[in-house]
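A.B. asks: Build me a model:
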Amino acid sequence: MFKHLFKHIDNSQLVIFRVFFGLLCFLETFGAIFTGWIKHNLITPSFTFSFIGFEWLQPFGGYGMYVYYLIMSVFGIGIMLGYKYRFSMVGFTLMWAAVYLMQKSAYNNHYYLLVLISAIMVFMPAHKAISIDAKQNPNLKRTDMPNWCRLVFILQLFIVYTYASIAKLYPDWLDGTAIEILMKGKQNYPLVGELLQQKWLQVLLSYGGILFDGLIVPLLLFKPTRKIAFIISIGFHLFNSIVFQIGIFPYLALAFYLFFFPPKTIQKLWLKKRTFYNLEAVNYPKYAQAWVALFLVYFAVQVALPLRHHLIKDDVLWTEEGHRLSWRMMLRVKRGYARYKVKDKETGKTQVIDLNKYLTKKQQRGATTKPDIIWQFARHLKQDFKAKGRDVAVYVSCKVSVNGKPLKRLIDPAVDIASVPWEPLKHAAWVLPSKKE
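C.D. replies: Predicted coordinates:
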């Protein structure tokens, strides 16, 4: 195994990927300034729903977040050009991870993937060719890299797609209910809106999604099917980009495919003037065993995280416990309502909370359907009233529908949600069973 991992191959795949990756990082962060994403998710809200345990990560006030994203976009350019690569890569990774953890109202699996790939890229020798760093310091120049540099990306992509495929194997996806509801929201799209409402297309998308996610990596690895799989991938990702408008992910996914084609093919396409490295020497670095151990631990965690919901009581589609960080992408549509009632512990007086005074419309969707956000908002209300000199209990009456099914009660209305602790590895007892009316 060690020989295969540390065999040196031409580094054209990694170098070209770095250029695309840096460009996409720039477009994602610079674009967030002008699309209003920063304003709607980080500036307008009076507070943000951070990941539990990271409440200390809060957006900067005023124009601070615009400057923050502008700095990230500069780092993206540095990555693309290979200028101060390590500094740019570490800076982008830390800043992107921080902004990911500080808000989850706009949670997206693809944002999480960008955290992981950025962290991996920190360790990659991606700046040793076709970079300003290599031009300024000729001692850096290399045309080779260890084989593990490409295998890491292939394995990461395999995990993402495999779990995405497995997650779709549940009744509402298999009978087309979930995709039908998802497509109803696209009915007003020009040209394709009515087409997306056709039952035959929805069935094709349901089962095509399962097959694509489950088979695309093996088909790309198998030489006879590689080209046709790549062509299908282009259509699949362009469709997702147009219909679901999920930012840079479709294009990032296509950039990953660089690692599935032979290095010679990539070199001929993109770096024709450069000499191809074909010595295939094996070079074990001083800390080879430590590196292998590090990546084994990393991928063990990646394999384990999406499985954790099986250890938690009830259905993850209902409780959301174990949903995040698990590649459960666009699987269901939830709607609901919630009434938050605070009770003064001293006077016994109660007050129903007007959500519009505290939350944006997007935040309200989470605060009426997702238990962890409901818990966080209850705690926020308790702290808000405490600042006014009042000690209150917070009770939540909440009903939720999953994939168009009848509304069911989600939260135990008799429990003071603001006073119960959060237990990340256990089922929250105040989340009622999914089968209970």
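A.B. asks: So Val342 belongs to a helix, correct?
C.D. replies: No: Val342: not assigned to a helix; according to DSSP: H, G, I helix; E, B strand; the rest coil it is strand.
A.B. asks: For it, which non-adjacent residue is closest in space?
C.D. replies: Val392 (4.3 Å; Cβ to Cβ, 6 or more residues apart in numbering). C-beta: built from backbone N, CA, C; applies to glycine.
A.B. asks: Report the contact partners of Phe20.
C.D. replies: Going by Cβ atoms under 8 Å, 6 or more residues apart in numbering, Phe20 touches Tyr251, Leu252, Ala255, Leu258.
A.B. asks: hmm, what's the outermost residue in the chain?
C.D. replies: In terms of distance from the mean C-alpha position of the chain, Thr347 ranks first, at 45.3 Å (Cα atoms, centre = their mean).
A.B. asks: quick one: what helix or strand has that one in it?
C.D. replies: Assigned by DSSP states H and E, Thr347 belongs to no helix or strand.
A.B. asks: try Ser397
C.D. replies: Assigned by DSSP H and E, Ser397 falls in strand 392-402.
A.B. asks: any idea which residue sits dead centre in the protein?
C.D. replies: What sits nearest the mean C-alpha location of the chain, by Cα atoms, centre = their mean, is Asn109, with 2.2 Å.
A.B. asks: Where does pLDDT dip in the stretch 151-300 of the chain?
C.D. replies: Filtered on pLDDT under 70, the stretch 151-300 of the chain yields no residues whatsoever.
A.B. asks: what's stretch 92-99 in contact with?
C.D. replies: With Cβ under 8 Å, 6+ apart, stretch 92-99 has contacts from 25, 29, 42, 57, 68-69, 71-72, 75-76, 79, 114-115, 118-119, 121-122.
A.B. asks: Give me the buried subset of the residues you listed.
C.D. replies: 25, 29, 42, 57, 68-69, 72, 75-76, 79, 114-115, 118-119, 121 (16 or more other Cβ atoms under 10 Å).
A.B. asks: show me where the stretch 251-400 of the chain has helices.
C.D. replies: Assigned by DSSP state H, counting those that start in this stretch, the helices in the stretch 251-400 of the chain fall at 263-270, 288-304, 316-319, 361-367, 371-387.
A.B. asks: how many other residues sit next to Ala281?
C.D. replies: 10 (other Cβ atoms under 10 Å).
A.B. asks: who does the host helix or strand of His110 touch, helix- and strand-wise?
C.D. replies: Assessed by DSSP H and E, His110 sits inside helix 109-122. Packed against helix 109-122 by the contact rule (3 or more Cβ pairs under 8 Å, 6 or more residues apart in numbering; DSSP states H and E) you find helix 12-34, helix 85-101, helix 148-167, helix 249-256.
A.B. asks: Put the alpha carbons of the first one into PDB.
C.D. replies: Meaning helix 12-34. Only the C-alpha atoms of helix 12-34 are listed here, as PDB (Å, rounded to 0.1, in the frame of the first residue of the first chain):
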ATOM      1  CA  SER A  12      -0.700  18.300 -13.800                       C
ATOM      2  CA  GLN A  13      -4.000  17.200 -12.200                       C
ATOM      3  CA  LEU A  14      -3.300  18.900  -8.900                       C
ATOM      4  CA  VAL A  15      -1.900  22.100 -10.500                       C
ATOM      5  CA  ILE A  16      -4.900  22.600 -12.800                       C
ATOM      6  CA  PHE A  17      -7.300  21.700 -10.000                       C
ATOM      7  CA  ARG A  18      -5.600  24.400  -7.800                       C
ATOM      8  CA  VAL A  19      -6.300  27.000 -10.500                       C
ATOM      9  CA  PHE A  20     -10.000  26.000 -10.800                       C
ATOM     10  CA  PHE A  21     -10.400  25.700  -7.000                       C
ATOM     11  CA  GLY A  22      -8.900  29.100  -6.400                       C
ATOM     12  CA  LEU A  23     -11.200  30.700  -9.100                       C
ATOM     13  CA  LEU A  24     -14.300  29.000  -7.600                       C
ATOM     14  CA  CYS A  25     -13.300  30.200  -4.100                       C
ATOM     15  CA  PHE A  26     -13.000  33.700  -5.400                       C
ATOM     16  CA  LEU A  27     -16.400  33.500  -7.200                       C
ATOM     17  CA  GLU A  28     -18.200  32.100  -4.200                       C
ATOM     18  CA  THR A  29     -16.900  34.700  -1.800                       C
ATOM     19  CA  PHE A  30     -16.800  37.800  -4.000                       C
ATOM     20  CA  GLY A  31     -20.200  36.800  -5.400                       C
ATOM     21  CA  ALA A  32     -21.800  36.600  -2.000                       C
ATOM     22  CA  ILE A  33     -21.200  40.400  -1.600                       C
ATOM     23  CA  PHE A  34     -23.200  41.300  -4.700                       C
END
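A.B. asks: Kindly calculate the angle that it makes with helix 263-270.
C.D. replies: Orientation check (axes from the mean of the first three to the mean of the last three Cα atoms, to 10 degrees): helix 12-34 against helix 263-270 gives 50 degrees.
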